[in-house]
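Undergrad: following is a predicted model, sequence given first.
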Amino acid sequence: MRHRPALFIIEVVRRPRRQTASLQLFAGIVCFWIVSLGLVSSSFVALPRRSVGVGSIFLIGAAAASAVETPIEESVEQPQSRLRLRQVIAETLLDDWKIRDYEAMRDDTARTSRFEAVIKRRLAGTDGQATVVDIGTGSFALLAIMAARAGAKKVYAIERNHAAAERATETVLRAGLQDKVTVIEGDSMMVELPERVDVVVSELIGSIATQEGVEAIIRDASRRFLKPQSNADRRPQMIPERCQTCIAPVEYRDHDWYQWKRGVQSRGKAEPGSLRPLRLQSDTQDLDFLAEPQLLEDFDYSAAASAELTQTRTISFDVPASSAPRKFSGFALWTRVVVDSEDVVEVSGKKSHWAYVVALMSEKPIALAAHGGLIKLQSKADYASLPVRYELDAELPV
């Protein structure tokens, strides 16, 4: 039994997954004591044949020392460091449209051609009896004139901007459509139409889809402007059918000196305490996308009457591992318009009057962990707020 403690020490040293310094020191001391005791005992006592000899004791001591000095290697997953960031987008002064803004919308052929195609399809077969309202008709009464030329019996074109409403009236007169198109100056949520209509057309879509307040406007229009739909005609009464906001984490290549770059910061006024968002052309090369985009919001025009006034969403972005250093600037947001089941306006990577809105989550870019991981986003959109308010709470691997 004299040497059993050494066997026990070996077993203890080998059994734990990760040795502590105190256990290593204790094992070494006990092994030294056993070896010393064995030397003394062998000098005065004749050991039984079945007992462990001095050589064996040295071997046991060496094995114990080896076990202490060379711990068993194991793959242990290290805890991942996480950083939390918060930002708010709630901009005012975005509706101060100039003539160049209306021209950019008119000349956006990808957008304009798809709206025109859908209006023609919707009014086909109505025998010139359909009535239409165009909300936010703009300086050129563009969608209203499309509807009139597509065969609408009557079109009401609502515009709250005084200068734009005057120019729209002049445009209608030049087109010779004054008998079909009536321009009404005012806020659509305040005006009264002389009759209910068959179709609502509008393009009140921001670079963040609902940022211009379309949710509340369409909810009101569906309640006060539309005729009850008959069972015989189940075609959509809203053009477009829905608008969406896509979102993805990005690195903005000029993040470190964006304050000194002209024309990249939003013209809107940011909420106090928040960073002013950037607005970059939708075909810019200055953004590196860190993960696949996902939907932040999906507004269905036909279901506007029952839509929630606030919307929360939890999104996870899978950032792959990379040998090259990567930095996180924030989130790029952009719109996608489902005009109908056949025509969709894609904005990302294409020339458009809509822009990328980049929500910078910090003043300086943040280095991401090389092994990648999940960027988690908790978002909240408050459609009852004026302006519409978007809260972004992010957690990222660093």
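TA: Perfect, I can see it now.
Undergrad: can you give me the strands in the stretch 151-300 of the chain?
TA: Remark: strands assigned in the stretch 151-300 of the chain by DSSP state E, counting those that start in this stretch are 154-159, 181-185, 199-202, 238-239, 242-252, 278-281, 287-289, 294-300.
Undergrad: which residues sit against the shortest one?
TA: Contacts made with strand 238-239 from outside it, assessed by Cβ atoms under 8 Å, 6 or more residues apart in numbering, are listed as 115, 118-119, 122, 199-202, 218, 222, 301-302, 304, 339-340. C-beta: built from backbone N, CA, C; applies to glycine.
Undergrad: let's go with 10 Å and repeat that
TA: 115, 118-119, 121-123, 132, 134, 143, 146-147, 199-203, 218, 221-222, 226, 300-304, 339-340 (Cβ atoms under 10 Å, 6 or more residues apart in numbering).
Undergrad: please pick the buried ones from the residues you listed.
TA: Neighbour counting over these (16 or more other Cβ atoms under 10 Å) leaves 115, 118-119, 121-123, 132, 134, 143, 146-147, 199-203, 218, 221-222, 226, 301, 304, 339-340 as the buried ones.
Undergrad: restricted to helices, list the residues you listed.
TA: Counted as lying in helices by DSSP state H, out of these, are Phe115, Val118, Ile119, Arg121, Arg122, Leu123, Leu143, Met146, Ala147, Ile218, Ala221, Ser222.
Undergrad: pLDDT-wise, which helix or strand of the protein ranks last?
TA: Across the helices and strands of the chain, mean pLDDT, DSSP states H and E gives its lowest value to helix 4-14, namely a mean of 35.
Undergrad: pull the number of nearby residues for the nearest residue to Glu251 once chain neighbours are set aside.
TA: Using Cβ to Cβ, 6 or more residues apart in numbering and skipping the chain neighbours, the partner closest in space to Glu251 is Asp288 (4.4 Å). Neighbour count for Asp288, taken as other Cβ atoms under 10 Å: 13.
Undergrad: against Gly138, how distant is Asp288?
TA: Using Cβ to Cβ, to the nearest Å, we find Asp288 at a distance of 35 Å from Gly138.
Undergrad: which stretch among the strands of the stretch 151-300 of the chain is buried most, on average?
TA: Mean neighbour count (mean count of other Cβ atoms under 10 Å) peaks for strand 154-159 among those, with a mean of 26.
Undergrad: from memory the residue nearest to Glu251 sits against Val319, does it?
TA: No - the pair Asp288 and Val319 fails to qualify as a contact (Cβ atoms under 10 Å) at a distance of 11.5 Å.
Undergrad: overlap in contacts of those two?
TA: With Cβ under 10 Å, 6+ apart as the test, Asp288 and Val319 both reach Pro249, Arg326.
Undergrad: which of the strands of the stretch 151-300 of the chain sits closest to Glu170?
TA: strand 181-185 (9.4 Å; Cβ to Cβ).
Undergrad: quick one, what contacts Ser322?
TA: By Cβ under 10 Å, 6+ apart, Ser322 lies in contact with Leu290, Leu368, Ala369, Ala370, His371, Gly372.
Undergrad: phi, psi of the third one?
TA: Just to be clear, that refers to Ala369. The phi and psi values for Ala369, taken as degrees, to the nearest 10, are phi -60, psi 140.
Undergrad: so who does the residue nearest to it when sequence neighbours are not counted touch?
TA: With sequence-adjacent residues excluded and distances taken as Cβ to Cβ, 6+ apart, Ala369 is closest to Pro397, at 4.3 Å. For Pro397, the contact set (Cβ under 10 Å, 6+ apart) comprises 80-83, 319, 328, 368-376.
Undergrad: how about the ones in helices among the buried ones among the contacts of strand 238-239 in TSV, adding pLDDT and distance to Glu91?
TA: Listed next are these as TSV, based on pLDDT from 0 to 100; distance: Cβ to Cβ, whole Å:
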residue	pLDDT	distance to Glu91
Phe115	97	25
Val118	97	29
Ile119	98	30
Arg121	96	35
Arg122	95	33
Leu123	96	36
Leu143	98	25
Met146	98	30
Ala147	98	31
Ile218	94	20
Ala221	95	24
Ser222	93	26
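Undergrad: and which of the residues you listed is nearest Val347?
TA: Proximity of those to Val347 (Cβ to Cβ) peaks at Phe115, which lies at 14.3 Å.
Undergrad: correct me if wrong: the closest one contacts Val339.
TA: Yes - because the distance of 6.0 Å satisfies Cβ under 10 Å, Phe115 is recorded as touching Val339.
Undergrad: next, show the common contact partners of those two.
TA: In contact with both Phe115 and Val339: Val201, Glu203, Ile239, Pro240, Val345, using Cβ under 10 Å, 6+ apart.
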